[in-house]
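Trainee: below is the structure, and that's it, no one-letter string:
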């Protein structure tokens, strides 16, 4: 049985899944789409109008316009109605590092705090700083995808996870992913660019059109759109945006950010994450079960290790969704015959060798985790991707100008004992490992000796894995699953694949595994 726990922002958003009447509506700042386009839209676009301009206090003096407006932050008060949120402007967040290092300054906010009723036509009323301090953060900093000119056709849009997302404007800008990766918001703009100079910036249009298009990353379909025509500095409309779970996307509707667009995105049933993958069988070239050479079975084998080799399948005529290809790889060190002497008394050399399975399987990345047999031709055409295992104790430190500091937050364990390793990192994702032994086997204590811990970890029980977004410290996904044998053997076999997919084998034969899908935020597209 797999238990899934979403981040606090996703939980808050899921409480709003019962919102009805989701249909496209145009903002007064934008131009409505054609009737045929409206019929296809599933998301709604409304406005949040704040009663006064944002101000900040600097050294005791109130300034009419913040020097830098990073984004909106959204919080939830204890006991507040499901649709009621607190909102303020973030001037400087410092990635919330004050939560890790208490000597660092906390985020700076605007002087104004507001309560917004999302289900009541986004009605706004003032709030106090005390209200704000007592509430918990539920919004997420956006993950940006920036077009670097190599991975996207700048004339039409951006490619992400097998789909191309078109842009409406003349110029490509960037895209932002929702926290769980369900939606991608694409910003583009039109207008005559100016020559870059010291006084007028990097050549962006002084006037033009701004466009937001939001797509479903699992289907590639556009679900919401908005445009503003003939506005000053159209590129300023893709700053200070905020995601509230997978339900709301907030972006400025004017240059001063006194009015915000509120995209209400369609309710959906979350996909299973992680998914359990069961491979039919791993066969060698001779049609027999692939067997791992072991030192205990063969005196000529010094060391051996089993693992998955994974590739990304692109542009397949067979697949209806993006897929990862899995193949079993057995590595071992073979002790060679003695180098000299008729009696074999010379030194024995060593050679690293590998056996690959003839079986190749494709796993769908659309949330169904469908498994199908793949061909050698597909394997050869697939993109080679990296599997990493950057282990962490969570006690690492780094030297900074402010002294030696912890590198990671104090992430808790869910199981009775820490796994070995404690964590694997693939920035910004961090997977934390722990386990609980089966009832009657005794609980492994944190202070247990290595031999005792190894004995407990081999008794069977429950594996616990939590995946965090390290920068804001938010829990993204959590799972608990039964295991037989060694918990630490499963954790030692864990790998981050293509930086955004976590794979953990569930048995010694690698006949099944858990696969986590995280938003692909590392790369330039």
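Mentor: Okay, I see it. The structure presented is a predicted model; accordingly, all values stated were derived computationally and were not measured.
Trainee: beta partners of residue 309?
Mentor: residue 327 (DSSP bridges).
Trainee: my guess is it contacts residue 329. True?
Mentor: Yes. With contact defined as CB atoms under 8 Å, residue 309 counts as touching residue 329 (4.4 Å). (Glycine included, C-beta is placed from N, CA and C.)
Trainee: any residues in contact with both of those two?
Mentor: Listed as contacting both residue 309 and residue 329 by CB atoms under 8 Å, 6 or more residues apart in numbering are residue 356.
Trainee: ok, now which ones touch the closest residue to residue 493 other than its chain neighbours?
Mentor: Counting by CB to CB, 6 or more residues apart in numbering, residue 505 is the residue found nearest to residue 493 once chain neighbours are left out, at 4.4 Å. Residue 505 sits next to 308, 490, 493-494, 512-513 when contact means CB under 8 Å, 6+ apart.
Trainee: in strands, which of the residues you listed fall?
Mentor: Secondary structure assignment by DSSP state E places 308, 512-513 of these in strands.
Trainee: I figured residue 464 was touching residue 414, is that so?
Mentor: Yes. Counting by CB under 8 Å, residue 464 touches residue 414, with 4.1 Å between them.
Trainee: out of those two, which sits in the more crowded spot?
Mentor: Taking other CB atoms under 10 Å, residue 464 and residue 414 do not tie; residue 464 has more neighbours (22 against 19).
Trainee: okay, now the sheet partners of the helix or strand containing that one, with direction.
Mentor: Using DSSP states H and E, residue 464 maps to strand 461-469. Using DSSP bridges, strand 461-469 pairs in its sheet with strand 429-437 (antiparallel), strand 474-483 (antiparallel).
Trainee: any chance of those strands in JSON lines, plus distance to residue 254?
Mentor: Compiled in JSON lines, the strands paired with strand 461-469 are given as follows (distance: least, CB to CB, whole Å):
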{"stretch": "strand 429-437", "distance to residue 254": "35"}
{"stretch": "strand 474-483", "distance to residue 254": "30"}
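Trainee: if we can go back for a sec, which residues pair with the residue nearest to residue 493 across the strands?
Mentor: Beta bridges link residue 505 to residue 513, judged by DSSP bridges.
Trainee: distance of it from residue 472?
Mentor: Distance of residue 505 to residue 472, given as CB to CB, to the nearest Å: 30 Å.
Trainee: how about low-confidence regions in the stretch 351-500 of the chain?
Mentor: Applying pLDDT under 70 to the stretch 351-500 of the chain picks out residues 440-459.
Trainee: and the strands in it?
Mentor: Taking DSSP state E, counting those that start in this stretch to define them, one finds strands in the stretch 351-500 of the chain at 371-373, 383-384, 387-388, 391-392, 397-400, 403-406, 417-426, 429-437, 461-469, 474-483, 495-497.
Trainee: now what about the last one, what contacts it?
Mentor: Outside of strand 495-497, the residues that reach it under the criterion CB under 8 Å, 6+ apart are 307-308, 310, 324, 385-390, 424, 426, 429, 431, 502-503.
Trainee: out of those residues, which comes closest to residue 229?
Mentor: Proximity of the contacts of strand 495-497 to residue 229 (CB to CB) peaks at residue 429, which lies at 39.6 Å.
Trainee: how close does the closest one get to residue 348?
Mentor: 43 Å.
Trainee: could you check the pLDDT of the residue nearest to residue 493?
Mentor: Residue 505 is assigned a predicted lDDT (pLDDT) of 95.
Trainee: contact partners for residue 69?
Mentor: By CB under 8 Å, 6+ apart, residue 69 lies in contact with 54, 89-91, 110, 239-240, 257.
Trainee: look at it and tell me its secondary structure.
Mentor: On the three-state scheme (DSSP: H, G, I helix; E, B strand; the rest coil), residue 69 is labelled coil.
Trainee: over to it: give its phi and psi.
Mentor: Per-residue torsions, residue 69: phi -110, psi 100 (degrees, to the nearest 10).
Trainee: how many other residues sit next to the nearest residue to it once chain neighbours are set aside?
Mentor: Excluding its sequence neighbours, the residue lying closest to residue 69 (CB to CB, 6+ apart) is residue 240, at 5.2 Å. Using other CB under 10 Å, the number of residues around residue 240 comes to 19.
Trainee: right, and residue 240 touches residue 71 too?
Mentor: Yes. Using CB under 8 Å, residue 240 is in contact with residue 71, at 4.5 Å.
Trainee: overlap in contacts, these two.
Mentor: Common neighbours of residue 240 and residue 71 (CB under 8 Å, 6+ apart) are residue 89.
Trainee: rewinding a little: identify, from the contacts of residue 69, the entry nearest to residue 300.
Mentor: The nearest member of those to residue 300, counting by CB to CB, is residue 90 at 62.6 Å.
Trainee: and that closest one, what element?
Mentor: Using DSSP H and E, residue 90 sits in strand 84-92.
Trainee: other SSEs contacting that strand?
Mentor: Judged by 3 or more CB pairs under 8 Å, 6 or more residues apart in numbering; DSSP states H and E, the packing partners of strand 84-92 are strand 71-76, strand 108-117, helix 129-134.
Trainee: please work out which of those is packed deepest.
Mentor: Counting by mean count of other CB atoms under 10 Å, strand 71-76 has the highest mean neighbour count of the helices and strands packed on strand 84-92, with a mean of 23.
Trainee: show me where the stretch 201-350 of the chain has strands.
Mentor: Counting by DSSP E, counting those that start in this stretch, the stretch 201-350 of the chain has strands at residues 207-216, 222-232, 242-244, 248-252, 259-264, 275-278, 301-313, 323-338, 348-364.
Trainee: what angle separates the second one from strand 248-252?
Mentor: Spelled out, that is strand 222-232. Relative orientation of strand 222-232 versus strand 248-252 (axes from the mean of the first three to the mean of the last three CA atoms, to 10 degrees): 10 degrees.
Trainee: also the longest one?
Mentor: Between strand 348-364 and strand 248-252, the angle formed by their directions is 90 degrees, by the same axes, to 10 degrees.
Trainee: may I see the buried residues of strand 348-364?
Mentor: Buried residues in strand 348-364, counting neighbours by 16 or more other CB atoms under 10 Å, are found at 355-357, 359-364.
Trainee: and if you look at stretch 465-482?
Mentor: 465-470, 472-481.
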